[in-house]
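**Q** The following block contains a protein sequence and its predicted model.
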Amino acid sequence: MTTLTPDEQAAGWRSLFDGATTEGWRGFKRTDVPDGWRIVDGALTRVGQGGDLITNDQCANFELSLEWKVQPRGNSGVFYRVTEEGDQTYHTGPEMQVLDDAAHPDGKSRLTSAGANYGLHPSPEGIVRPAGEWNQARVVAHGAHIEHWLNGTKVVEYELWSPDWEKRVRESKFREWPKYGRAARGHIAIQDHGDTVAFRNIKIRVLP
């Protein structure tokens, strides 16, 4: 289960996953949780086809903390400020990439490696742990300011809607989806990319 220390509780952290049920989550554009997502050894785990999961709640400014573990050659992602206006979570929400860098083809580019703001902002090499091991990830979203942290290292920092961001979006696949990255608030989402991936210790605190 997600454990919160007294200090974390005092700082406003709350659990997004109780370690035993899927309470607080649902399928993207669904009211239920698909069978492809199960609780395995206290972790929210993609075990079969199920589509992406999103939180019931939405938030604007927040700090998200979680642990993830992916199978060899595995691929998944954590999305934020997702809305259901697009056909997929990635049509609206930026993604912190979840990946086995060593074996998955996406690991050949830093733009699509673990920790990256997928397709737009690269992450440094050598931070992610091997497939089958737990990684600690954090996303900070405060207005336009976004940070990705992986295993205690800040791997990405960018400003939404800045000239640099707009240029990167125009030069990427995301130009196809006009609502990409535009929402000031939305859901947290975890991705079913066809591989086994597990998430635990998922917690969030709302920022002013």
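**A** On my side now, so go ahead.
**Q** In the protein, which helix is the longest?
**A** Using DSSP state H to define each element, the chain has its longest helix at helix 163-170.
**Q** hey, C-alpha coordinates of it in CSV?
**A** Taking Å, rounded to 0.1, in the frame of the first residue of the first chain, the C-alpha atoms of helix 163-170 are listed here in CSV:
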residue,chain,number,x,y,z
PRO,A,163,8.1,29.8,-27.6
ASP,A,164,10.5,26.9,-27.2
TRP,A,165,7.7,24.5,-26.3
GLU,A,166,5.5,25.7,-29.1
LYS,A,167,8.3,25.2,-31.6
ARG,A,168,9.0,21.7,-30.3
VAL,A,169,5.3,20.8,-30.6
ARG,A,170,5.1,22.2,-34.1
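**Q** May I see the buried residues of it?
**A** Residues 165, 168-169 are the ones in helix 163-170 that count as buried (16 or more other Cβ atoms under 10 Å). Any C-beta I mention is one placed from the backbone N, CA and C, and that applies to glycine too.
**Q** Output the residues you listed as CSV; include the columns pLDDT.
**A** Listed next are the buried residues of helix 163-170 as CSV, based on pLDDT from 0 to 100:
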residue, pLDDT
Trp165, 98
Arg168, 98
Val169, 98
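**Q** Quick check: which ranges of the protein have low pLDDT?
**A** The model of the chain has no residue with pLDDT under 70.
**Q** what ranges do the helices span in it?
**A** Listed in chain order, the helices of the chain (DSSP H) span 6-10, 163-170.
**Q** can I get these in TSV with distance to Thr21?
**A** Output for the helices of the chain, formatted as TSV (distance: least, Cβ to Cβ, whole Å):
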stretch	distance to Thr21
helix 6-10	21
helix 163-170	37
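**Q** Now for the residue nearest the centre of the chain: which residues touch it?
**A** Nearest residue to the geometric centre of the chain (Cα atoms, centre = their mean): Val78, 1.3 Å. Val78 sits next to 64, 66, 68, 95-96, 98, 137, 139, 188-191 when contact means Cβ atoms under 8 Å, 6 or more residues apart in numbering.
**Q** Tell me the spacing between Phe17 and Glu147.
**A** As judged by Cβ to Cβ, to the nearest Å, Phe17 and Glu147 stand 22 Å apart.
**Q** For beta bridges, what are the partners of the residue nearest to the centre of the chain?
**A** Beta-bridge pairing of Val78 under DSSP bridges involves Met96, Ile190.
**Q** quick one: it from Met96, how far?
**A** In terms of Cβ to Cβ, Val78 sits 5 Å off from Met96.
**Q** For the two, list the residues in contact with both.
**A** Taking Cβ under 8 Å, 6+ apart as the criterion, Val78 and Met96 both touch 137, 139.
**Q** isn't Val139 right up against Leu64?
**A** Yes. With contact defined as Cβ atoms under 8 Å, Val139 reaches Leu64; the gap is 4.5 Å.
**Q** quick one: common contacting residues for those two?
**A** With Cβ under 8 Å, 6+ apart, Val139 and Leu64 have common neighbours 78, 80.
**Q** who's more crowded, these two?
**A** Neighbours were counted for Val139 and for Leu64 using other Cβ atoms under 10 Å; Val139 has more, 24 against 21.
**Q** where's that one relative to Gln49, distance?
**A** Separation of Val139 from Gln49 (Cβ to Cβ) stands at 26 Å.
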